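Enquirer: Fold the stuff below for me.
(chains A, B and C)
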Amino acid sequence: MSMIDHAGMTTELRLDVQEFYFRYAECLDGGRLQQWPEFFLDACVYRITTRHSLHLGPGEDLMSIKSKTSMRDRIVAIGQSEDYEPHVQRHIISNFRIQAAAEDDLRVQANFQVLRTFHERPTELFVSGSYQDHIAVSEGRMNFREKICVFDSEVLPESLIYPI
Amino acid sequence: MSMIDHAGMTTELRLDVQEFYFRYAECLDGGRLQQWPEFFLDACVYRITTRHSLHLGPGEDLMSIKSKTSMRDRIVAIGQSEDYEPHVQRHIISNFRIQAAAEDDLRVQANFQVLRTFHERPTELFVSGSYQDHIAVSEGRMNFREKICVFDSEVLPESLIYPI
Amino acid sequence: MSMIDHAGMTTELRLDVQEFYFRYAECLDGGRLQQWPEFFLDACVYRITTRHSLHLGPGEDLMSIKSKTSMRDRIVAIGQSEDYEPHVQRHIISNFRIQAAAEDDLRVQANFQVLRTFHERPTELFVSGSYQDHIAVSEGRMNFREKICVFDSEVLPESLIYPI
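Expert: Numbers count the residues shown, from 1 in each chain, chains lettered A, B, ... in the order given. A predicted model of the protein is given here:
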């Protein structure tokens, strides 16, 4: 069980995958929502769910998006929402587990913790969980083919309109 | 003091060590307690202590286990405990410091932060601290020879029966 | 945008940079303040600021130090402060983004989260934010040329005299 097997992945690829996530987080933490869809393939899946609901299927998801076009609609909706109270996020992404599913497809799992800071308030823990993703690799480019954010808690944050 | 010296460790080995910890955390976070002893040598040491008690010796430990057999007994005890309130853990492991003590022995230090989520409750910070470990490397396999979990706080969590 | 480009940085250098930060954190978390200035060039910049104040310039900084000598003065001041309540820090550093600005200068961005533990109290989240740094590389040695700690929150921690 403790055998290390990377199926031929180079150390460079392993570090590149981590960096891909760190650029993704930098985009969200920097509030550059317009660039968020660029990390995905045109035909993609983006879901937010919980540990408890994961195996109940997409119908129980907190958010479920199935194309880049829907992502763009989502961004417009966030900008127009009256419920949205401005704040900044800080992603801490760690515990990467990378497996090559095929030459151009990586299965990646990682832990995330998102901290949140509202104006004139101290920073607080927002959510934690794991990413269960598929990354398409083509000519040195990476894009999420499927990204599932699995929250640890079933208690829904009051304003889950911002991507994780 | 700022000199980098890895004593000949390859980048692959450095990443493999991190991955070994991430698989260990994945096992615990996934609740697969039965597999926990498989990350250790048959003759091993597993201790949970605090910064304050570390230098007072094993007698002051919060938990002290000295063989794989005792680990298995521990798992049975956890399953039978009436105090145990079901929850999930989430390990964030970072700040790896790896030193080769010998060809088949690595001295590894890392920081951990464990988040905890009880049913229908928001996620909360549980404990933080550092691992002070020795890993045996044999034919591409890694196993903990000694694992010491050093908590930052002396305040004992109410239910410290689950491995960290 | 999703193109990976490391400008010729080796995987070894990328891991060495991370390790440099982990040794820096180990020094602070271990309370070895006297060694803190050794991670910097003689002529260096160390600033603590907030997301909100970052672009208002150094005049709005929470802390601004411009030489190793001033750092040593700072350490003496901390030791003599009557307001200082003993506690330990725990740095979780992640999300490294490394860019080579020149052969001997690296531009590095990373996320940090600092946990804090006072005597007989549980561990708590202290601050989070990002490092925006320049590292000088010379003959295998790394030293901070400039280190800017950007806090997410504008709410000032009550005792901001300890380095981050």
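Enquirer: Low-confidence ranges, chain A, go.
Expert: A:1-8, A:157-161 (pLDDT under 70).
Enquirer: can you map out the strands along it?
Expert: A:40-50, A:63-65, A:87-102, A:105-118, A:124-138, A:141-151 (DSSP state E).
Enquirer: Can you lay out the ones you listed as TSV showing distance to chain B and mean neighbour count?
Expert: The C-beta positions use only the backbone N, C-alpha and C, and glycine is treated the same way. Shown next, in TSV, are the strands of chain A (distance: least, C-beta to the nearest C-beta, whole Å; neighbours: other C-beta atoms under 10 Å in any protein chain shown):
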stretch	distance to chain B	mean neighbour count
strand A:40-50	10	19
strand A:63-65	18	16
strand A:87-102	4	19
strand A:105-118	6	20
strand A:124-138	5	20
strand A:141-151	8	20
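Enquirer: Serialize those strands to JSON lines and add fields for distance to C:Arg107.
Expert: Formatted as JSON lines, these follow (distance: least, C-beta to C-beta, whole Å):
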{"stretch": "strand A:40-50", "distance to C:Arg107": "27"}
{"stretch": "strand A:63-65", "distance to C:Arg107": "34"}
{"stretch": "strand A:87-102", "distance to C:Arg107": "20"}
{"stretch": "strand A:105-118", "distance to C:Arg107": "24"}
{"stretch": "strand A:124-138", "distance to C:Arg107": "26"}
{"stretch": "strand A:141-151", "distance to C:Arg107": "22"}
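Enquirer: export these to a markdown table and tack on distance to chain C?
Expert: Putting the strands of chain A into a markdown table (distance: least, C-beta to the nearest C-beta, whole Å) gives the following:
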| stretch | distance to chain C |
| --- | --- |
| strand A:40-50 | 9 |
| strand A:63-65 | 18 |
| strand A:87-102 | 5 |
| strand A:105-118 | 4 |
| strand A:124-138 | 6 |
| strand A:141-151 | 5 |
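Enquirer: Go through these and name the closest to C:Ala25.
Expert: C:Ala25 lies closest, by C-beta to C-beta, to one member of these: strand A:87-102, at 13.8 Å.
Enquirer: thinking again about what came up before, which one of the strands of chain A lies closest to B:Arg47?
Expert: strand A:87-102 (22.5 Å).
Enquirer: tell me what the closest one is packed against?
Expert: helix A:11-29, strand A:105-118, strand A:124-138, helix B:11-29, strand B:87-102, strand C:87-102, strand C:105-118, strand C:124-138 (3 or more C-beta pairs under 8 Å, 6 or more residues apart in numbering or on different chains; DSSP states H and E).
Enquirer: Show me what the third one is packed against.
Expert: What that stands for is strand A:124-138. helix A:11-29, strand A:87-102, strand A:105-118, strand A:141-151, strand B:87-102, strand B:105-118.
Enquirer: quick one: strands adjacent to that strand?
Expert: Note on strand A:124-138: by DSSP bridges, its sheet partners are strand A:105-118 (antiparallel), strand A:141-151 (antiparallel).
Enquirer: what about stretch A:18-25 and chain B, touching?
Expert: No - figure legend: stretch A:18-25 not in contact with chain B (C-beta under 8 Å from any C-beta of the partner chain); closest approach 9.6 Å.
Enquirer: Quick one: residues in contact with that stretch.
Expert: A:39, A:91, A:93, A:96, A:108, A:110, A:131, A:135, A:142, C:2, C:4, C:95-97, C:111 (C-beta atoms under 8 Å, 6 or more residues apart in numbering or on different chains).
Enquirer: switch the cut-off to 6 Å
Expert: Outside stretch A:18-25, the residues that touch it by C-beta atoms under 6 Å, 6 or more residues apart in numbering or on different chains are A:Phe39, A:His91, A:Ile93, A:Phe96, A:Met142, C:Asn95, C:Arg97.
Enquirer: Stretch A:48-60 now?
Expert: With contact meaning C-beta under 6 Å, 6+ apart, stretch A:48-60 is reached by A:Asp61, A:Leu62, A:Met63, A:Ser64, A:Cys149, A:Val150, A:Phe151, A:Asp152, A:Glu154.
Enquirer: same thing but at 7 Å, please
Expert: A:47, A:61-64, A:148-154, A:164, B:88 (C-beta atoms under 7 Å, 6 or more residues apart in numbering or on different chains).
Enquirer: Max pairwise distance over those: which two?
Expert: Pairwise distances across the contacts of stretch A:48-60 peak at 22.7 Å for A:Ser64 and B:Val88 (criterion: C-beta to C-beta).
Enquirer: Pull the contacting residues for A:Pro163.
Expert: A:Pro163 touches A:Leu28, A:Trp36, counting by C-beta under 7 Å, 6+ apart.
Enquirer: so what's the backbone phi/psi at it?
Expert: phi -60, psi 150 (degrees, to the nearest 10).
Enquirer: And it, how far from A:Ala43?
Expert: Using C-beta to C-beta, to the nearest Å, we find A:Pro163 at a distance of 18 Å from A:Ala43.
Enquirer: do A:His55 as well
Expert: For A:His55 relative to A:Ala43 (C-beta to C-beta), the value is 24 Å.
Enquirer: Could you do A:Tyr162 as well?
Expert: Distance from A:Tyr162 to A:Ala43, by C-beta to C-beta: 23 Å.
Enquirer: Please apply the same query to A:Tyr131.
Expert: Taken as C-beta to C-beta, the span from A:Tyr131 to A:Ala43 is 19 Å.
Enquirer: A:Val17 touches A:Leu106, doesn't it?
Expert: Yes - contact criterion C-beta atoms under 7 Å: A:Val17 and A:Leu106 qualify, at 6.4 Å.
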